[in-house]
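> Can you look at this prediction? I've put the sequence above it.
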Amino acid sequence: MLSTCRFAAVAALVSAVTGTQAQSLIVNGGFETPVVPVASYQLFATGSPLGKWTVVGQAGDVAVINSQFTGGGFTYNPKAGEQVLDLTGTTRTFTGVQQRVITTPGQSYVLTFWTSNLYNNGGSSTVEVLVNGVTAMRATNFSNAGLGQAWKLFRLQFTAPSDQTVVTFMNADPSNDDANGLDEVTMVPATN
């Protein structure tokens with residue numbers, strides 16, 4: 001019930017931010033598949049598929065983490081659902097995920113996503129967002145939750161140049177930071 005309530009709250013927030021109830025064009029934006037064993041995580045190396053996502057970037061990996069996993073004294077709590085993507089994986093390289101989305105040329109889209117920061121684990125978390133291979137945003141979460149995980153919502157509006165758009169999220173944390181969460185990625189047509 002709690003997960004359903006959190007999802008509804010995120011959907012309402014996305015609706016408020018975008019002004020629409022449109023279905024997200026991003027598939028598996030909550031990283032709920034594949035299902036990871038309870039209190040565990042699963043690594044995906046560069047070049048590997050992760051549902052509709054593909055792991056990209058430098059040689060390395062990303063991790064899908066179950067909500068009950070505890071590591072380094074921290075519990076990794078998803079923004080919604082039961083799983084979260086950690087862009088640092090175990091390699092802490094410039095690695096991430098991308099997804100190809102069908103778009104309408106000239107149409108504006110709103111991309112929303114949540115990043116998490118474990119404040120005592122590096123001070124901030126930065127996600128580099130690319131649209132068709134070009135950096136469109138560097139989203140940095142400085143939120144402090146003490147010893148916990150603090151989530152922050154980011155929003156990016158862009159115009160699609162063609163009938164397919166590649167959206168990419170990369171770990172832009174330094175190599176000494178081993179937590180950079182990504183969750184609840186959505187992309188819908190802009191209403192204005």
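That came in fine, so what should we check first?

> show me where pLDDT drops low in this protein?
Residue ranges of the chain with pLDDT under 70: 1-21, 119-122, 145-148, 192.

> Okay, strands next: where are they in it?
Secondary structure of the chain by DSSP state E: the strands cover 41-45, 49-50, 53-57, 61-66, 70-71, 74-75, 83-86, 95-102, 108-118, 125-131, 134-141, 149-159, 164-171, 181-189.

> so which of these gets nearest A22?
Closest of these to A22 is strand 181-189, at 4.1 Å (criterion: Cβ to Cβ). Bear in mind the C-beta positions are built from the backbone N, C-alpha and C, glycine included.

> Could you list every helix and strand in contact with that closest one?
helix 2-18, strand 83-86, strand 108-118, strand 149-159, strand 164-171 (3 or more Cβ pairs under 8 Å, 6 or more residues apart in numbering; DSSP states H and E).

> Pull out the buried residues from stretch 51-68.
Burial within stretch 51-68, assessed by neighbour count using 16 or more other Cβ atoms under 10 Å, is assigned to 53-57, 60-67.

> Same list (those residues) but as a markdown table, adding distance to N144.
Formatted as a markdown table, those follow (distance: Cβ to Cβ, whole Å):
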| residue | distance to N144 |
| --- | --- |
| W53 | 29 |
| T54 | 33 |
| V55 | 29 |
| V56 | 30 |
| G57 | 28 |
| G60 | 27 |
| D61 | 27 |
| V62 | 24 |
| A63 | 23 |
| V64 | 25 |
| I65 | 21 |
| N66 | 25 |
| S67 | 21 |
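
> Pick out whichever of those sits closest to F113.
The nearest one, if we look at the buried residues of stretch 51-68 relative to F113 and count by Cβ to Cβ, is W53, at 12.7 Å.

> wait, what's in contact with the closest one?
Going by Cβ atoms under 8 Å, 6 or more residues apart in numbering, W53 touches N28, F31, V97, Q98, Q99.

> does it have beta-bridge partners, and which?
With DSSP bridges as the criterion, W53 is bridged to L50.

> Same question for L182.
L85, T115.

> Could you tell me how far it is located from V55?
12 Å (Cβ to Cβ, to the nearest Å).

> Which neighbours do the two have in common?
What both L182 and V55 touch, as defined by Cβ under 8 Å, 6+ apart, is the set V97.

> Now do the end-to-end distance for stretch 139-151.
12 Å (Cα to Cα, to the nearest Å).

> Fine, thanks again, bye for now.
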